[in-house]
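Trainee: Fold the following, please.
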Amino acid sequence: KITDESLENVRLHDDDAVQALDWLPEASLDRVDLLYPDPWPKVRHWKRRFVGQANLERIHRVLKPGGHFRFASDIDTYINWTLQHVHRFNAGEAMLHWLAQTAADWNDPWTGWTRTRYEAKAIREGRPPCYLVFEKE
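Mentor: Modelled structure (predicted):
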C-alpha cells in the first residue's frame with residue numbers, strides 16, 4: 001500500500017521497536033500506534049509487555065507536543081495495565097493525557113481505522129476491542 005499510494009512519509013522498521021524509538025530524534029513523530037501487542041498473559045511474563053515506564057518515556061520523548069499515542073487491544077488485563085502504567089507515568093513531570101470522555105471513545109475505532117487480522121479474530125472469539133488515545137502535553 002505504501003508503494004501503491006506513493007507514500008513518502010512512511011518508514012518501516014522490521015526489528016525491535018525500542019531500537020527505533022531510541023534512534024528517533026526528540027519530538028519527531030505526530031503519532032505512535034501500538035496495535036494488538038503481545039499480551040504476555042502469564043503473570044510471570046508481564047515484565048515483557050511493551051507498555052511500561054521505560055517505553056512510555058521513549059514514546060513521550062519522540063512525540064511532538066500534541067502528538068498521540070494510540071493503543072488497541074482486545075485483552076482486558078492489558079488494557080487495564082496500559083491505563084495504570086500511563087497513570088503512573090503521569091505522576092512525574094511528563095504527561096500523556098487520556099482523551100476518552102465517554103465509553104464510546106474507547107469502544108469505537110479511530111477515524112480511518114483499518115481492521116487488523118488480530119481484531120477480526122478477537123471479534124470472532126467474542127473479545128471486544130478497545131482503542132485508547134493519549135495526547136502528549
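
Trainee: what phi and what psi does the backbone show at residue 135?
Mentor: The phi and psi torsions at residue 135 (degrees, to the nearest 10) take the values phi -110, psi 130.

Trainee: Which residue is the nearest non-sequential neighbour of it?
Mentor: With CB to CB, 6 or more residues apart in numbering as the criterion, residue 135 has its nearest non-adjacent residue at 4.9 Å, and that residue is residue 97. Glycine gets a C-beta too; all of them are placed from N, C-alpha and C.

Trainee: do residue 40 as well
Mentor: Closest residue to residue 40 in three dimensions, ignoring its sequence neighbours and counting by CB to CB, 6+ apart: residue 48, at 4.8 Å.

Trainee: for residue 17, same thing?
Mentor: The spatially closest residue to residue 17, leaving aside those adjacent along the chain, is residue 50, at 7.3 Å (CB to CB, 6+ apart).

Trainee: In contact with that neighbour, which residues are there?
Mentor: 17, 34, 37, 38 (CB atoms under 8 Å, 6 or more residues apart in numbering).

Trainee: Now, the residues you listed that are in helices?
Mentor: Counted as lying in helices by DSSP state H, out of the contacts of residue 50, are residue 17.

Trainee: element containing the closest residue to residue 36 other than its chain neighbours, please.
Mentor: Nearest residue to residue 36 in three dimensions, chain neighbours excluded: residue 118, at 3.9 Å (CB to CB, 6+ apart). With elements taken from DSSP states H and E, the one containing residue 118 is helix 117-124.

Trainee: Please apply the same query to residue 84.
Mentor: Residue 84 belongs to helix 76-89 when assigned by DSSP H and E.

Trainee: Which elements pack onto that helix?
Mentor: helix 53-62, strand 63-73, strand 96-98, strand 130-136 (3 or more CB pairs under 8 Å, 6 or more residues apart in numbering; DSSP states H and E).
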